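In: got a sequence here, can you model it:
(chains A, B, C and D)
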Protein chains: 2
Amino acid sequence: MKPDKPTTIKEIAKLLKVSISTVSRALNDHPSIGLTTKMRVKKLASEMNYEPNQKAIQFLHGKSFIIGVILPELSESFFSAAISGIEDVAYKRNYTVLLAQSHDDAEKEKLLVTKMKSQRVDGLLVSVSKTTSTYEHFEVFRKLNIPVVFFDRIPPIKDIHYVRSNLETGTLDAVNFLLKKGHRTIGLVNGPDTLVASHERKEGYIRAMTSNRLKFDPSLIISCDLSEEGTVKAMDAMLNHRRKPTAIVTFNDYVALFAMRYTKSLGLQDIDFVSYANLPIINYMDYTPIASVEQFPYKQGKKAADILIDLINKPRNEVGTGQAYYNVIVESELVISKQK
Amino acid sequence: MKPDKPTTIKEIAKLLKVSISTVSRALNDHPSIGLTTKMRVKKLASEMNYEPNQKAIQFLHGKSFIIGVILPELSESFFSAAISGIEDVAYKRNYTVLLAQSHDDAEKEKLLVTKMKSQRVDGLLVSVSKTTSTYEHFEVFRKLNIPVVFFDRIPPIKDIHYVRSNLETGTLDAVNFLLKKGHRTIGLVNGPDTLVASHERKEGYIRAMTSNRLKFDPSLIISCDLSEEGTVKAMDAMLNHRRKPTAIVTFNDYVALFAMRYTKSLGLQDIDFVSYANLPIINYMDYTPIASVEQFPYKQGKKAADILIDLINKPRNEVGTGQAYYNVIVESELVISKQK
DNA sequence: AAAAAACACGCAAACGTTTGATATTTTTGG
DNA sequence: CCAAAAATATCAAACGTTTGCGTGTTTTTT
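Out: Numbering: from 1, shown residues only, chains lettered A, B, ... in the order given. Now for the predicted structure:
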């Protein structure tokens, strides 16, 4: 067996003594090719294991059928779930996925954006890194009219397409759930005030309290830096509060774990925890939150990819003519843990 | 701002009134272009935000600078770590990564292989799905002389390149470690006998015992199906063994968790566990194995990608002329947990 | 001062495919 | 049986870039 170069349309044409264009059209079921020729061409093509050279095709009409995806960390289960959603719609709609992780490094992210550009991706899906503070590197894509859709971690700028989850409603549900269980003093171990996500949790918390005609006590919301030490410090404050909470909402599952481990080490067993994210690991924990706000990363990924591909195939938007931007909110939802 | 088409070399040439080839050579620092022209060209190019059209280049010399990666599940931390390794070398060596998950579905895997082929990847990195039992779909690549490197889950066929870990030495270390701690009766909750991985663990176990002049008791190795129920059943047998083990090696961290949870529920606290994989989650557990066999997925990914890219750039191997295959074993290593 | 070397640049082909315009053949209807 | 219509097939351009070869200048060498 020779080190074959892949079969080309040209060779098929030569062997069949027809023109190149005939072969091309035959393979694409063009109406102006006779049935018999079509058959002959297709037969030989499959015999020769012909596979159209996508590079040539992509080059020809300036489309790559590749979407670029830049996200911070695949090892975070949120993102690995999201990428599955992205992949699934991409493959369904005949695109392939060029993947890259920024590892939460703004510089790496910039570099990746350039790389994506030179690979001529048809569109870009981005969840920005934690350290990213400027956003001009995405402007190139705007100039080239290549759509960019942000998801989950979206930059604080105007006129962008994005998909994100709304934690406010999830938090509302969470607090309502705890209220219904009879809790009256509910703490919130929140994240840094700088995060939008912290703000949403807080708002949801407040809405739940006030809509139940309960007074909202700001001192029951304590921010932490999400580390174990930070969590412990926050929990200390929480447990020494004059109104000691009987239930606590934590910023995410890790904070919940830290907090639960700490309360347990103090011999406290009677605090109910509710958390966010619903990581798979909580299924393996000894003590788990009694409920979790699920953000549906798979769904978010799917939605984002769908929008991106829609944008790619949408008739060219004239920039300036009051472009519409997709701003999709995937509602979060409270999931009550199966009690073991 | 018009909906720009990207700048081409041609436009630069026209504006500068030089030939296309001059521009091309200038940009590539070809020696036969004068310094002044080079400067002028480069200046204008960057002003016009020129970015070479990779599609055209790739098409021209039939190289895509893309490596395809097919793996079962990104949500498994082994693979998400591996992909980071792959990515890192790929980017370092100027390749990009086309990613796809088979979700352990053999059919999907086949489809993906086809897709990768038509995208004309320069090479393929594969960890085969659990359900894959035939391997002809990879033969196409062999015919086209596109290198394929398997990693971790490698197919049982000859003449392939692969990178995998060797669990035998890790197991050896693990058992030795337990022996040194004074344990004399050590159990092994193993996986299904059909897995190579189970076999390696068993061999390591046996080697450790015999090399320490201890009699090897086959009844202390119990297979399970890796589910929670299966683990419990295996543990039951283990705990009712006439020689009740004081230490147990488990097939992986999940089995360890199940087993530990079960022993704890029985009020047993004095069994030492050693496990495999070293998942990040064990840092969050209440009871953790005292040591873990690490398989270095990041390193494996890196190594595999390096080999793949080497193969891509290696002068065309004439098939038939006694080709050499890379068979790399990444040794596993025992990691002793930091005691909290 | 003539020949040789060095330098700077341009021409045109090639990569594999699609596609609008055009040419050839077959069929149809009168 | 002929023109017109329908069916079938071909031609050639285009996509953006690289690169071997050729050619016209300048500079250096003897």
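In: near DNA strand D, which residues of chain A are found?
Out: A:17-22, A:25, A:32-38, A:59-60, A:62 (CB under 7 Å from any atom of the strand). Heads up, the C-betas are built off the backbone N, CA and C, glycines and all.
In: what helices or strands is the helix or strand residue A:80 falls within leaning on?
Out: Assessed by DSSP states H and E, residue A:80 sits inside helix A:77-92. With contacts defined as 3 or more CB pairs under 8 Å, 6 or more residues apart in numbering or on different chains; DSSP states H and E, the packing partners of helix A:77-92 are strand A:66-71, strand A:96-101, helix A:297-313, strand B:96-101.
In: that older thread, so which of the residues of chain A next to DNA strand D would count as near DNA strand C as well?
Out: Applying CB under 7 Å from any atom of the strand to the residues of chain A next to DNA strand D, those adjacent to DNA strand C are A:20, A:21, A:25, A:59, A:60.
In: packing partners of the helix or strand hosting the third one?
Out: Taking DSSP H and E as the definition, residue A:25 sits inside helix A:20-27. Counting contacts by 3+ CB pairs under 8 Å, 6+ apart, helix A:20-27 is packed against helix A:9-16, helix A:35-47.
In: let me know which of those helices is tucked in deepest.
Out: Of all these, helix A:9-16 has the most neighbours on average by mean count of other CB atoms under 10 Å in any protein chain shown, namely a mean of 16.
In: wondering if it reaches chain B at all.
Out: No. Judged by CB under 8 Å from any CB of the partner chain, helix A:9-16 stays clear of chain B, getting no closer than 13.8 Å.
In: how far off centre is that helix?
Out: Distance, stretch centre to chain centre, for helix A:9-16: 45 Å (CA atoms, centre = their mean, to the nearest Å).
In: name the residues that touch it?
Out: A:19-20, A:22-24, A:27, A:40-41, A:44-45, A:48, A:50, A:52 (CB atoms under 8 Å, 6 or more residues apart in numbering or on different chains).
In: would you map the helices across the stretch 101-250 of chain A?
Out: A:106-118, A:139-143, A:167-180, A:196-211, A:228-239 (DSSP state H, counting those that start in this stretch).
In: where does pLDDT dip in chain A?
Out: For chain A, the stretches with pLDDT under 70 are A:1-4, A:278, A:282, A:315-323, A:339-340.
In: DNA strand C contacts on that one?
Out: A:5, A:8-10, A:20-21, A:24-25, A:27-28, A:30, A:50, A:52-53, A:56-57, A:59-61.
In: quick one: buried ones out of these?
Out: Buried by 16 or more other CB atoms under 10 Å in any protein chain shown: A:8, A:9, A:24, A:25, A:27, A:50, A:52, A:53, A:56, A:59, out of those.
In: just give me the neighbour total for the residue in the stretch 101-250 of chain A that DNA strand C sits nearest to.
Out: Closest residue of the stretch 101-250 of chain A to DNA strand C, CB to the nearest atom of the strand: residue A:120 (14.5 Å). Using other CB atoms under 10 Å in any protein chain shown, residue A:120 is surrounded by 23 other residues.
In: then the one 3 residues further on?
Out: Each residue near residue A:123 was counted by other CB under 10 Å, and the total is 26.
In: same question, residue A:280
Out: 12.
In: check contacts around residue A:62.
Out: A:120, B:5, B:55.
In: among the residues you listed, which one sits closest to residue A:326?
Out: residue A:120 (22.7 Å; CB to CB).
In: which residues touch the closest one?
Out: A:58, A:62, A:64, A:66, B:53, B:54, B:55.
In: buried subset of those as a PyMOL selection?
Out: Listed next is the PyMOL selection for buried residues among these, using 16+ other CB under 10 Å:
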select buried, (chain A and resi 58+64+66) or (chain B and resi 53+54+55)
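In: hmm, which two among the contacts of residue A:120 are most spread apart?
Out: Using CB to CB, the contacts of residue A:120 span at most 13.6 Å, a distance reached by A:66 and B:53.
In: what sits up against the helix holding residue A:25?
Out: A:9-10, A:12-13, A:16, A:30, A:32-33, A:37-38, A:41-42, A:45, A:52.
In: can we see that at 6 Å?
Out: For helix A:20-27, contacts defined as CB atoms under 6 Å, 6 or more residues apart in numbering or on different chains pick out A:9, A:10, A:12, A:13, A:33, A:37, A:38, A:41.
In: number of residues surrounding the residue nearest to residue A:301 when sequence neighbours are not counted?
Out: Leaving aside its chain neighbours, residue A:301 sits nearest to residue A:85 (2.9 Å; criterion: CB to CB, 6 or more residues apart in numbering or on different chains). If you count neighbours by other CB under 10 Å, residue A:85 ends up with 21.
In: do residue A:68 as well
Out: Residue A:68 has 27 neighbouring residues, counting by other CB under 10 Å.
In: same thing with residue A:164?
Out: By other CB under 10 Å, neighbour count at residue A:164 equals 22.
In: contacts only, for it.
Out: Neighbour list for residue A:164: A:152, A:154 [criterion: CB under 6 Å, 6+ apart].
In: separation between it and residue A:326?
Out: 11 Å (CB to CB, to the nearest Å).
In: do residue A:88 as well
Out: Distance, residue A:88 to residue A:326, using CB to CB: 19 Å.
In: with residue A:215 instead?
Out: As defined by CB to CB, residue A:215 lies at a distance of 39 Å from residue A:326.
In: how about the residues of the stretch 51-200 of chain A near chain B?
Out: A:51, A:54-56, A:58-59, A:74-75, A:80, A:83, A:96-99, A:117-120, A:143-145 (CB under 6 Å from any CB of the partner chain).
In: just the buried ones from those?
Out: A:51, A:54-56, A:58-59, A:74-75, A:80, A:83, A:96-99, A:117-120, A:144-145.
In: would you pull up the residue in the stretch 201-340 of chain A closest to DNA strand C?
Out: Closest contact between the stretch 201-340 of chain A and DNA strand C, by CB to the nearest atom of the strand, is at residue A:313 (14.4 Å).
In: what is the burial count for that residue?
Out: Applying other CB under 10 Å, we find 12 residues neighbouring residue A:313.
In: what about residue A:121, how many neighbours?
Out: Neighbour count of residue A:121, defined by other CB under 10 Å: 25.
In: residues contacting it?
Out: Counted by CB under 6 Å, 6+ apart, residue A:121 has contacts A:66, A:67, A:68.
In: give the contact list for the first one.
Out: Spelled out, that is residue A:66. Per CB under 6 Å, 6+ apart, neighbours of residue A:66: A:96, A:98, A:121.
In: repeat the analysis, applying 7 Å as the threshold.
Out: Contact analysis of residue A:66 by CB atoms under 7 Å, 6 or more residues apart in numbering or on different chains lists A:95, A:96, A:98, A:119, A:121, A:122.
In: one more: the last one?
Out: Listed by CB under 7 Å, 6+ apart, the contact set of residue A:68 reads A:98, A:116, A:121, A:124, A:125.
In: mind redoing it with 8 Å?
Out: Residue A:68 touches A:98, A:100, A:116, A:119, A:121, A:123, A:124, A:125, counting by CB under 8 Å, 6+ apart.
In: could those be laid out in JSON lines, adding distance to residue B:262?
Out: Listed next are those as JSON lines, based on distance: CB to CB, whole Å:
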{"residue": "A:98", "distance to residue B:262": "45"}
{"residue": "A:100", "distance to residue B:262": "42"}
{"residue": "A:116", "distance to residue B:262": "49"}
{"residue": "A:119", "distance to residue B:262": "51"}
{"residue": "A:121", "distance to residue B:262": "49"}
{"residue": "A:123", "distance to residue B:262": "49"}
{"residue": "A:124", "distance to residue B:262": "48"}
{"residue": "A:125", "distance to residue B:262": "43"}
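In: many thanks, we can stop here.
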